[in-house]
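>>> Below are the sequence and a predicted model; questions follow.
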Amino acid sequence: MFGFSKRKDKQVNEEKSEIVTNGTWFSRVKAGLGKTRVQFSGGIAALLLGRKTLDDDTLEALETLLLSSDVGIDATQTILANLVERASRKTLKDGDALMQLLRETLIDLLTPIQAPLVIDQSKGPYVILVVGVNGVGKTTTIGKMTQRFQQEGHTVMLAAGDTFRAAAVEQLQAWGERHQVPVIAQHTGADCASVIFDAVQAAKSRKVDILIADTAGRLHNKAHLMTELEKVLRVMKKIDDSAPHEVLLVLDAGTGQNAISQTEAFTKSAPLTGIALTKLDGTARGGIIFALAKRFAIPVRFIGVGEQAADLNRFNAAEFVDALLDTPAL
């Protein structure tokens with residue numbers, strides 16, 4: 001069995017991790033949002049060029065651009081209303097001034113969901129339950145989080161709760177071997193709640209800091225699978241009535257507005273506390289984050305902009321907007 005030796009100087013390791021990650025993170029986000037930026041910021045820059053006012057035609061064109069980037073109707077209306085209100089209080093010199101007002105408006109919408117995941121070390125273990133539909137990148141996200149938590153000095157255990165697919169268990173075990181963390185698993189078709197129950201017990205007995213539990217890729221319109229998720233939550237509480245401490249919904253940004261219906265369905269079966277928005281690098285629909293912010297206000301813990309572990313990082317509202325609008329990081 002793999003060991004659980006602690007880092008000798010946790011604070012130093014956390015600082016090193018942040019330095020290594022953040023040194024190139026803005027450029028990674030900017031590159032990852034390339035497809036969305038071409039459609040979003042390119043069109044907006046052309047639209048606002050040389051303008052000093054927001055007339056009806058400009059607002060209508062801006063509305064079309066926002067909607068085509070999957071910002072969503074509610075978020076688009078909020079953005080436009082706030083932009084008009086800001087513009088009414090200032091004398092604008094040029095299109096750059098309008099762009100700056102838009103930047104401030106977008107940041108204001110996203111700031112409430114900027115809430116990094118903080119591990120409560122008084123919990124033993126801190127249980128993160130990862131949910132989402134098939135194909136969104138749950139298992140890969142778990143692997144990347146594992147590496148990040150290890151860099152921060154935490155010990156980690158994984159639970160292979162996606163018992164419907166043998167490939168899912170094997171993939172999680174591969175991540176465990178790569179990062180030298182134990183994986184609690186049973187045979188294909190085993191009861192997911194049983195696997196996670198065993199994992200919580202094992203993590204407690206071994207004094208592991210963080211337990212990350214995978215779950216089957218539920219289709220959000222399949223009631224019986226959602227009921228099983230509720231069972232998982234009940235079973236965990238038999239060991240620790242405060243668990244899970246984080247219920248992280250993984251969403252694929254490329255699904256666009258379907259991410260809204262997925263989030264809505266999961267909120268009915270699980271107390272979602274965070275979102276990981278993945279695959280932003282492969283889509284022009286990155287504007288979906290604004291729709292999610294407006295509709296649910298669930299904290300976005302992580303965003304993913306590539307295949308490497310370093311391509312998953314904490315979400316920062318200003319950084320995201322600056323990368324999206326192709327403005328310098330402040």
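Right, received. Where do you want to start?
>>> CA only for contacts and neighbour counts going forward, please
Noted.
>>> For whichever strand or helix holds A193, buried residues please.
Using DSSP states H and E, the element containing A193 is helix 192-205. Within helix 192-205, the residues that count as buried by 16 or more other Cα atoms under 10 Å are C192, A193, S194, V195, I196, F197, D198, A199, V200, A202, A203, K204.
>>> give me the number of residues near I113?
Neighbourhood size, I113 [other Cα atoms under 10 Å]: 24.
>>> how about low-confidence regions in the stretch 201-330 of the chain?
Where the stretch 201-330 of the chain drops to pLDDT under 70, the residues are 218-225, 328-330.
>>> Which parts of it are helices?
Remark: helices assigned in the stretch 201-330 of the chain by DSSP state H, counting those that start in this stretch are 223-237, 258-267, 288-295, 317-325.
>>> the inter-axis angle of the longest one versus helix 258-267?
This means helix 223-237. Inter-element angle recorded for helix 223-237 and helix 258-267: 50 degrees (by axes from the mean of the first three to the mean of the last three Cα atoms, to 10 degrees).
>>> So which bits of helix 223-237 are buried?
For helix 223-237, a neighbour-count test (16+ other Cα under 10 Å) marks L225, M226, E228, L229, E230, V232, L233, R234, V235, M236 as buried.
>>> Within the helices and strands, which one has T163?
Using DSSP H and E, T163 falls within no helix or strand.
>>> Can you give me the neighbour number for it?
T163: 23 neighbours (other Cα under 10 Å).
>>> How about T24?
12.
>>> what does A270 give?
Burial measure for A270: 19 neighbouring residues, criterion other Cα under 10 Å.
>>> Could you measure from the residue found closest to A323 once you drop the neighbours it is linked to in the chain over to V38?
Nearest in space to A323, with sequence neighbours left out and distances taken as Cα to Cα, 6 or more residues apart in numbering, is K30 at 4.5 Å. For K30, the distance to V38 equals 11 Å [Cα to Cα, to the nearest Å].
>>> How about L272?
Counting by Cα to Cα, the gap from L272 to V38 is 32 Å.
>>> quick one: which of these two has more around it?
A direct count of neighbours by other Cα under 10 Å for L272 and V38 places L272 higher, at 19 against 15.
>>> which residues does the nearest residue in space to that one that is not next to it in sequence contact?
Of all residues not flanking L272 in the chain, V247 sits nearest, at 5.0 Å (Cα to Cα, 6+ apart). Listed by Cα atoms under 8 Å, 6 or more residues apart in numbering, the contact set of V247 reads I128, L129, V130, V131, A270, P271, L272, T273, G274.
>>> Just the buried subset of these, written out for PyMOL, thanks.
Here is the PyMOL command that selects only those of these that count as buried (16+ other Cα under 10 Å):
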select buried, resi 128+129+130+131+270+272+273+274
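>>> Is it possible to get TSV of the contacts of V247 that adds distance to G95?
Below are the contacts of V247 laid out as TSV (distance: Cα to Cα, whole Å):
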residue	distance to G95
I128	45
L129	46
V130	43
V131	43
A270	45
P271	43
L272	40
T273	39
G274	36
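>>> now, among the contacts of V247, which is nearest to K90?
G274 (36.5 Å; Cα to Cα).
>>> list the contacts for that closest one?
Counting by Cα under 8 Å, 6+ apart, G274 touches E246, V247, L248, L249, I298, P299, V300, R301.
>>> so which of the residues you listed is the most crowded?
Highest count within these by other Cα under 10 Å belongs to V300, 28 neighbours.
>>> ranges for the strands of this structure?
Listed in chain order, the strands of the chain (DSSP state E) span 126-131, 156-159, 183-184, 210-213, 246-252, 274-278, 300-304, 312-314.
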